[in-house]
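> Task: produce atomic coordinates for the following.
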Amino acid sequence: MILPGAEPFFLPGGSHGVLLVHGFTGLPAELLLMGQFLNAKGFTVLGVRLAGHGTTAEDMSHTTAEDWFDSVRDGYALLTGAAKKISVIGHSMGGLLALMLAMEEDIERVITLAAPIFISEELNIRLLPPREEVSGVFYPKARRKLKNVPAAVNNTYRKMPLVCVHELLDVIAKVKINLAAVTSPTLIMHSDNDKTADPKSAQYIFEHLGGDKNRICRLKKSGHLLPVDCERDYVFICAADFLTAEL
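Numbering: from 1, shown residues only. Presented below is the predicted three-dimensional model:
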């Protein structure tokens with residue numbers, strides 16, 4: 001059963017469609033405010049729910065990186081029926097999946113929000129046990145207490161399946177070595193105060209993309225959750241401007 005408020009959302013608008021992809025253990029509601037902002041600007045918006053997300057952590061433990069990416073592919077296929085051109089915006093792991101989609105499809109623009117090529121050392125990812133030792137093992141997550149956000153944003157999983165952390169690392173590895181295949185104009189947004197995705201990830205992505213119409217936007221006050229953090233209005237404006245800019 002999908003958690004209340006964790007459903008995908010569709011906001012019909014103009015001929016430019018925007019696919020929104022949430023992050024690891026997240027849910028579509030994290031991008032709802034951004035979707036509503038872009039829809040008000042005339043975009044058709046689809047916020048997808050990745051397989052195993054927005055239900056239970058046990059559900060997620062049975063999914064893989066390929067399942068998550070298939071959710072993005074499905075969203076793209078649906079959106080092609082409602083828009084002539086499609087851009088994709090992804091938060092955190094969703095940003096990596098957005099880049100993967102641009103490796104496969106003709107994407108108008110890509111925007112990554114705090115996409116991790118490097119995980120912050122504070123998270124001690126080096127202590128992750130081997131994949132064969134973590135089946136059925138979960139790690140606790142702190143409860144969110146964000147204000148002025150959709151209620152579901154604070155109702156994310158209270159634990160994460162460690163086997164899926166290995167799947168996330170696989171996504172990072174795949175994107176890291178294939179960035180040159182992304183030729184769509186790309187905006188990389190990242191906060192210097194991000195304690196989850198190391199801020200040096202942004203420069204790495206920028207330097208290894210295949211296209212030459214890319215930009216970096218660095219923030220100072222936000223943490224990792226750019227679409228719902230204190231600078232979200234600026235994030236939304238920068239995204240909308242990039243989607244419509246003459247490059």
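
> May I ask which helix or strand of the chain has the lowest mean pLDDT?
Among the helices and strands of the chain, strand 138-140 carries the lowest confidence by mean pLDDT, DSSP states H and E, at a mean of 92.

> Packing partners of that one?
In this structure, strand 138-140 packs against strand 159-161, helix 162-178, with contacts taken as 3 or more CB pairs under 8 Å, 6 or more residues apart in numbering; DSSP states H and E. The way it works is simple: take the backbone N, C-alpha and C, and place the C-beta from them, glycine included.

> Paired strands for it, with orientation please.
strand 159-161 (antiparallel) (DSSP bridges).

> Report the buried residues of the least confident helix or strand of the chain.
Neighbour-count burial for strand 138-140, with 16 or more other CB atoms under 10 Å as criterion, is recorded at residue 138.

> Just give me how far it sits from the chain centre.
Taking CA atoms, centre = their mean, to the nearest Å, the mean C-alpha location of strand 138-140 is offset from the chain mean by 21 Å.

> again, but for stretch 210-219
Shown here is stretch 210-219, whose average C-alpha point lies 17 Å from the average C-alpha point of the whole chain (CA atoms, centre = their mean).

> just the helices in this protein please.
Remark: helices of the chain, listed N- to C-terminal, are 32-40, 57-60, 65-80, 93-104, 162-178, 200-208, 232-244; assignment by DSSP state H.

> Can I get those in JSON lines including mean neighbour count?
Below are those laid out as JSON lines (neighbours: other CB atoms under 10 Å):
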{"stretch": "helix 32-40", "mean neighbour count": "20"}
{"stretch": "helix 57-60", "mean neighbour count": "18"}
{"stretch": "helix 65-80", "mean neighbour count": "18"}
{"stretch": "helix 93-104", "mean neighbour count": "25"}
{"stretch": "helix 162-178", "mean neighbour count": "18"}
{"stretch": "helix 200-208", "mean neighbour count": "18"}
{"stretch": "helix 232-244", "mean neighbour count": "18"}
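
> Out of these, which gets nearest to residue 46?
helix 65-80 (4.9 Å; CB to CB).

> residues in contact with that closest one?
Contacts made with helix 65-80 from outside it, assessed by CB atoms under 8 Å, 6 or more residues apart in numbering, are listed as 8, 17, 19, 21, 44, 46, 48-53, 86, 88, 93, 97-98, 100-101, 104-105, 167-168, 170-171, 174.

> Give the burial count for the closest residue to residue 211 other than its chain neighbours, as a bare number.
Distances taken as CB to CB, 6 or more residues apart in numbering place residue 183 nearest to residue 211, at 4.2 Å, with adjacent residues excluded. By other CB atoms under 10 Å, 17 other residues sit near residue 183.

> which residues sit in contact with residue 183?
Counting by CB under 8 Å, 6+ apart, residue 183 has contacts 102, 209, 210, 211.

> so what's the residue of the chain most remote from its centre scoring on pLDDT?
Among residues of the chain, the one most distant from the C-alpha centroid is residue 133; the distance is 27.6 Å, by CA atoms, centre = their mean. As predicted, residue 133 sits at a pLDDT of 95.
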